[in-house]
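In: coordinates for the following, if possible.
(chains A and B)
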Amino acid sequence: MSHIEIKNLTKKFEVKGDVITALNKVSLSVETGDIFGIIGMSGAGKSTLVRTINYLEKPTEGQVLIDGVDLAGLSSAELRKKRSEIGMIFQNFNLLEQRNVLGNVCFPLEIAGIKRKEAKEKARQLLKTVGLEEKEKAYPSQLSGGQKQRVAIARALATNPRVLLCDEATSALDPMTTKSILNLLREINERLNITIVIITHQMSVVTEICKKVAIIDGGELVEEGDVEKIFENPGSDAAKELIFEKKESFVPIRTLNTSNRIRIVFSENSAYEPVISNAIMTFKAPLNILKADTKNVGGKARGEMILGLPEDESVKLAFIEFFKEQGLAVSEVTEDV
Amino acid sequence: MFDQKTIEMLLIGIKDTLYMTIVSTFFGYVLGLPFGIVLNVTRKKGLHPNRVIYGIGDFVCNIVRSIPFLILLILLIPFTRFVVGKSYGSTATIVPLVICSAPYIARVVESSLNEVDEGVIEAAKAMGAGTWQIIFKVLLVEARVSLFTGAVITTGLLLGYSAMSGTVGGGGLGDIAVRYGYYRWQADIMIVTVVLLIIIFQVIQNVGMHFSTRIDHRKK
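Out: The predicted structure follows:
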């Protein structure tokens, strides 16, 4: 049984008389202990999707099952109980500004009716986990963005949830802070075996931490699977667009007068071989390196290159065959991406 | 400058003015605070949107607020007599002051609560908080500075209104100002009452604002 199962979920909003379909027949399942990324451009519907997991948004059609229990069948009291078992963190942290750090972490425990003394003890323990035990008396306005998100994580963990939902949790943070927050999330996932669902528009977040990924585009699920596989061989246009991160950065490559472009991805093993030199020497034909990059994908190093191949069709095919034999993932780069 | 009797009269005037202002602000909040919470909760983006309840509350609020206080004071004389037993004096003035201030307070409370960040409310919902918990632990707490500032402004307003009730025998400093300043042309007593009202207003305003910054943890 999957931990979280979304079946045929459709969500429609009515905005000034018009019906807008935010999500269209989305189905996916998240296994216990996964770090599951849901990625898409802004407006793709991913924030709505994550809010259906704790029923902050009720689906128009379809089901959400947590541990096999359909949330639609719960009474409002049962739903509130269920929500307390699902932690959530946000892009804007959403801390209580008039409560200090300790008070914020105690808040979900107070709601659950836990005694003040017990709540404080638990909160202090959690602040230690997120490395903020020194700051318990500080107010949110005195903290940096990264510290605020750490408090939010401690708060989300207070009720011992089995699931942690992260809605663009690192989008307001700088790259260094993002990295430290992602490390913290990974640590939590490994130590407490909490299932984490991460909503983001940054492919770097997905490749850094997620094991599985679902790509949402225009309210539909266009691709789903292991992060490594999708990174090596993106099938959908949306996936390609996200992997190249910024379309603009690709513009200079597009303007270069080479029509035969391919993208190759190296894994750790193939990176030992001087594949490019070997290829050039084997076929005695020129290769044009248009872009080269290394990335951390699910904890493993991945090299990525975009190459311009010779015009000659047979030479081109020979190159592609050669790269595939070397164990590289090869995909053609089309005109529009 | 003044004889013992006049000074005594002024002291009683101060006492009555403070009595009317404080008691009417208190009862104004007893009615207005829940009213304002209902308006916030039932508005379109509230916790439980309800067009009918919001519509009625909104309408009542606007009707009462559009009646000038002096007219409301006269309109309510039968009701005041029913509640207090008489229609003059400082205790009787409290009735129209409360009726007049409650919808005003409801609006002030509603707008303070509307300012609370929706994200924070969403976070509380995601933690499993119910409506009452959100009202008492999130809305009222997060909006407390704005609520307190609103209460200070309301107190100042009621101080002014309590003086206005002097025209119909309301008691307090306003009553003295009307009787001596207007009917007897004793400008000196009139000026003293005005100065006293200004001083009381300043004290309320400054002490109130001082406390409102003290309880705010957002900027430090």
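
In: who in chain B is up against chain A?
Out: B:117, B:119-120, B:122-130, B:133, B:137-138, B:141-142, B:144-145, B:216-220 (Cβ under 8 Å from any Cβ of the partner chain). All C-beta spots, glycine's among them, are computed from the backbone N, C-alpha and C.

In: surely residue A:179 touches residue A:209?
Out: No - Residue A:179 lies out of contact with residue A:209 (Cβ atoms under 8 Å); the separation is 9.7 Å.

In: now stretch A:297-311, how far from the centre of its chain.
Out: Its chain's C-alpha centre lies 21 Å from the corresponding centre of stretch A:297-311 when counted by Cα atoms, centre = their mean, to the nearest Å.

In: ok, stretch A:93-102 next?
Out: For stretch A:93-102, the distance to the chain centre is 26 Å (Cα atoms, centre = their mean).

In: what of stretch A:9-25?
Out: 24 Å.

In: got the CA positions of that stretch in PDB?
Out: Backbone C-alpha positions of stretch A:9-25 (Å, rounded to 0.1, in the frame of the first residue of the first chain) are rendered in PDB as follows:
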ATOM      1  CA  LEU A   9      -7.700  14.000  -9.200                       C
ATOM      2  CA  THR A  10      -9.400  17.000 -10.900                       C
ATOM      3  CA  LYS A  11      -9.700  20.400  -9.300                       C
ATOM      4  CA  LYS A  12     -11.700  23.200 -10.900                       C
ATOM      5  CA  PHE A  13     -11.900  26.800  -9.600                       C
ATOM      6  CA  GLU A  14     -14.600  29.300 -10.500                       C
ATOM      7  CA  VAL A  15     -13.100  32.700 -11.100                       C
ATOM      8  CA  LYS A  16     -15.600  35.400 -12.000                       C
ATOM      9  CA  GLY A  17     -18.000  33.000 -13.700                       C
ATOM     10  CA  ASP A  18     -15.200  31.200 -15.700                       C
ATOM     11  CA  VAL A  19     -14.300  27.600 -14.700                       C
ATOM     12  CA  ILE A  20     -10.600  27.000 -14.600                       C
ATOM     13  CA  THR A  21      -9.200  23.500 -14.400                       C
ATOM     14  CA  ALA A  22      -6.200  23.700 -12.200                       C
ATOM     15  CA  LEU A  23      -5.600  20.000 -12.100                       C
ATOM     16  CA  ASN A  24      -6.800  17.500 -14.700                       C
ATOM     17  CA  LYS A  25      -7.000  13.700 -13.800                       C
END
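
In: buried residues in stretch A:136-154?
Out: A:136, A:138-140, A:143, A:145-154 (16 or more other Cβ atoms under 10 Å in any protein chain shown).

In: which two in those are spaced the farthest apart?
Out: Within those, two members stand farthest from each other by Cβ to Cβ: A:136 and A:145, at 18.6 Å.

In: what about residue B:58, how many neighbours?
Out: By other Cβ atoms under 10 Å in any protein chain shown, the residues close to residue B:58 number 18.

In: quick one: it and residue A:231, what's the gap?
Out: Here residue B:58 is placed at a distance of 55 Å from residue A:231 (Cβ to Cβ, to the nearest Å).

In: same check, this time on residue A:154
Out: Taken as Cβ to Cβ, the span from residue A:154 to residue A:231 is 32 Å.

In: which non-adjacent residue is nearest residue B:27?
Out: residue B:98 (4.4 Å; Cβ to Cβ, 6 or more residues apart in numbering or on different chains).

In: quick one: residues contacting the one you found.
Out: Counting by Cβ atoms under 8 Å, 6 or more residues apart in numbering or on different chains, residue B:98 makes contact with B:24, B:27-28, B:31.

In: three-state assignment of residue A:159?
Out: Secondary structure, DSSP: H, G, I helix; E, B strand; the rest coil: residue A:159 is coil.

In: settle this for me: it is touching residue A:87, isn't it.
Out: Yes - between residue A:159 and residue A:87 there is a contact at 7.1 Å, judged by Cβ under 8 Å.

In: quick one: which of the two has more around it?
Out: Neighbours of residue A:159 and residue A:87, each counted by other Cβ under 10 Å, are more numerous for residue A:87; the result is 28 against 20.

In: quick revisit: so what does the residue nearest to residue B:27 look like in phi/psi?
Out: phi -70, psi -50 (degrees, to the nearest 10).

In: could you check the pLDDT of it?
Out: pLDDT, residue B:98: 96.

In: next one: the one 5 residues further on
Out: At residue B:103 the predicted local distance difference test score is 96.

In: same check, this time on the one 4 residues further on
Out: pLDDT recorded at residue B:107 is 96.

In: do the one 5 residues further on as well
Out: pLDDT recorded at residue B:112 is 97.

In: how about it, nearest residue that isn't a chain neighbour?
Out: residue B:146 is the one closest to residue B:112 (Cβ to Cβ, 6+ apart), at 3.8 Å.

In: now do the same contact list for the one you found.
Out: With Cβ under 8 Å, 6+ apart, residue B:146 has these contacts: B:111-112, B:115.

In: output these as CSV; include the columns secondary structure and distance to residue A:290.
Out: Shown next, in CSV, are the contacts of residue B:146 (DSSP: H, G, I helix; E, B strand; the rest coil; distance: Cβ to Cβ, whole Å):
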residue, secondary structure, distance to residue A:290
B:111, helix, 57
B:112, helix, 58
B:115, coil, 52
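
In: may I ask which of these has the most neighbours?
Out: residue B:112 (23 neighbours).

In: from what I see, that one and residue B:142 are in contact.
Out: No - counting by Cβ under 8 Å, residue B:112 does not reach residue B:142; the two are 9.7 Å apart.
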